[in-house]
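**Student:** turn this into a structure:
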Amino acid sequence: TDLGGEIQADTEQGVFADDTRFVSYYAIFANGLSWQRLNSAATAYYAATVYLTNAAVPTEDGDITEGTLSLVICRTVADGIHEDLDVANHGLVPVRFNLEIALRSDFADLFEVKLGHLVRRGRIVTRWHDRRAELETSYTNRDFRRSLVYRLLNTSSPPGYANGRVTFEVELRPGATWHTCCHYLLAGGETVRAPQRACYHDNAATGHDQLRDPWLDVATKVTSANEDVYRLYRQSVEDMGALRLYDHDSGADLWVPAAGVPWFVALFGRDSLIASLQNTIVHPDLARGALKKLAELQATEQDDLRDAEPGKIPHEMRRGELAHFRLIPHTPYYGTADATPLYLIVLHEAWKWLGDDALLREHRDTALRCLEWIERYGDLDGDGFQEYRTRSPQGYENMGWKDAVDAVVYPDGRQVRQPKALCELQGYVFDAWMRMAEVFDALGDQERASGLRAKARALRAAFEAKFWCEDLGFYAFALDPEKQPVRAIASNAGHCLWSGIATPDRAARVVKRFFEPDLWSGWGIRTLSARNPAYNPFSYQRGSVWPHDNGIIALGFKRYGFAAEAARVARDISEAASYFVSYRLPELYAGIERRPGT
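**Tutor:** Predicted coordinates:
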């Protein structure tokens, strides 16, 4: 919503579930006039409160003076949405007016909302049920159905419906109050998302409280005299709980984080794995959920439309209208080159933290299929390197973590075409093989472990020979279709330190290069050198700063003994967080240079 709690038409705002926008417009009026915002804030990641007052309202009994009325909107998201509306008369005379709520639903697919190009494929019908005090709006496109029920309960005066608005006649003596509860029930197929209680005035714990509090209880506690670090960590732990994908829960402590709000509230292979990996220090059990769910979705056959091959870990799963009718391949889509080796890395990391051999036995077959995919499908031409190329007409141009269509560039700014062998993919596979060798040692399969270590040594030697650029003191961004190094300076090389594929002497030169001003912004390391013609500090992945990327790079610095440099990156990110609301780091921020006063 906007800061006043309203959803403006023709914007990206709305109520979303299952990749569908259930509410596309919401506004509240007093005799047709908008309320004025006093203040508003999120009170938890699933709740917000908005304080409003009235403008001067003409009535047949005379004008209601500006600032006489207060309207407090309390919203709680818990499957459906519960909304409390409370009006109070702070004046000295009685008042009477119409409270009006305008509500519209377009049931647009999330992908089309993001693109700003909406296509209506089905039929929308709205019905008012006076006896039940419900406004029902439904959408039907063949066998794809969505509906919103807006239900009024515990109202101080009976509701009506006219001219597209739910209306209440409100009469208040001086000092009197008026109340209603509003429920939003979101239905898709046979699933109905409904608020968990009739009214929230009793201040009892919500279902979200009951899930959030155990997460906060088990999360590692960090105290620090550094206020930036303390507040950033505390907010980040809370935000991880906010990203929980409840539909993919396999148990109270077996859950998967979404990739991000608002566009990526869905299961993503790479994102859930990296989030699990980076949260092992917070709660190592978190990885169990992603490992289990992604194993269930591991590809079993080749499907060119979805870029699937046997053993591949999925990239993204969607549930909206476009996915339902296979207008997009996300059912799930498998267009990721890194999720499969990352699965093996996370499996090993979780095992090391938890000491649970049963976890290895549970996912042994999944891991074997991942290893087979790496050799059979990840290496497209048998040269020993991991490459990617889509076979789908709707497939992605880029399948690493930098998956924007324009993310991989030559030093002159031109786009690199497929197939591409990103430097970090080689590191991920090296790391996965080394880690799985340790796993198979633990499982008593020394022959397989020895074979994996031999493959890792061979890959490291080939990587150093092909990717190292001596004159740059840096690793190439990628190999292009002609197997020539892409000599652009990009942050991806830092992942090669995290994975351990870099040799120590060359790692030292890479670390030094990262702190030249074209890469180091002062707020973190940029995704692309500012000297590249394609550099744009406001672009998605050609010069912006990504906190997760910097976290991986800092771990790489630490791995090779550069603790001070790792701390420098951590300081940059934590200080940047202090300029965002509540210390909540975004997915990325601009790569502009840090100067005095900025």
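**Student:** just give me the residue closest to the centre of the protein.
**Tutor:** By Cα atoms, centre = their mean, the mean C-alpha position of the chain lies nearest to residue 260, the distance being 1.2 Å.
**Student:** top helix in the chain by residue count?
**Tutor:** Criterion DSSP state H: the longest helix present in the chain is helix 446-467.
**Student:** who touches that one?
**Tutor:** Helix 446-467 has contacts (Cβ atoms under 8 Å, 6 or more residues apart in numbering) with 371, 384-385, 423, 426-427, 429-430, 433-434, 436-441, 475-476, 479, 483, 485, 496, 501, 503, 506. All C-beta atoms are positioned from the backbone trio N, CA, C, and that covers glycine.
**Student:** cool, and stretch 584-598?
**Tutor:** Contacts for stretch 584-598 (Cβ under 8 Å, 6+ apart): 232, 235-236, 239, 260, 517, 521-523, 526-527, 530, 537-538, 540-541, 543-547, 572-573, 576-577, 580.
**Student:** so which of those residues sit within strands?
**Tutor:** Among those, no residue falls in strands (DSSP state E).
**Student:** please report how far the residue nearest to the centre of the chain lies from residue 490.
**Tutor:** With distances taken as Cβ to Cβ, to the nearest Å, residue 260 is found 22 Å from residue 490.
**Student:** longest strand of the protein?
**Tutor:** strand 177-188.
**Student:** next up, the contacts around residue 379.
**Tutor:** Residue 379 neighbours (Cβ under 8 Å, 6+ apart): 385, 386, 387.
**Student:** mind checking the SS state of the first one?
**Tutor:** The three-state label for residue 385, taken from DSSP: H, G, I helix; E, B strand; the rest coil, comes out as coil.
**Student:** grab the nearest non-local neighbour of it.
**Tutor:** Closest residue in space to residue 385, ignoring its immediate chain neighbours: residue 421 at 4.5 Å, by Cβ to Cβ, 6 or more residues apart in numbering.
**Student:** show the pLDDT at that neighbour.
**Tutor:** We have a pLDDT of 99 for residue 421.
**Student:** kindly report the same for residue 162.
**Tutor:** 95.
**Student:** which parts of the stretch 151-300 of the chain are strands?
**Tutor:** Ranges of strands within the stretch 151-300 of the chain are 159-162, 165-172, 177-188, 191-193, 267-268, based on DSSP state E, counting those that start in this stretch.
**Student:** which elements pack onto the shortest one?
**Tutor:** Under the contact definition 3 or more Cβ pairs under 8 Å, 6 or more residues apart in numbering; DSSP states H and E, strand 267-268 sits against strand 316-317.
**Student:** recalculate using a threshold of 6 Å.
**Tutor:** Packed against strand 267-268, as judged by 3 or more Cβ pairs under 6 Å, 6 or more residues apart in numbering; DSSP states H and E, are no other helices or strands.
**Student:** distance between it and the chain's centre?
**Tutor:** Distance of strand 267-268 from the chain centroid (Cα atoms, centre = their mean, to the nearest Å) equals 9 Å.
**Student:** ok, and what's touching it?
**Tutor:** 248, 259, 316, 317 (Cβ atoms under 6 Å, 6 or more residues apart in numbering).
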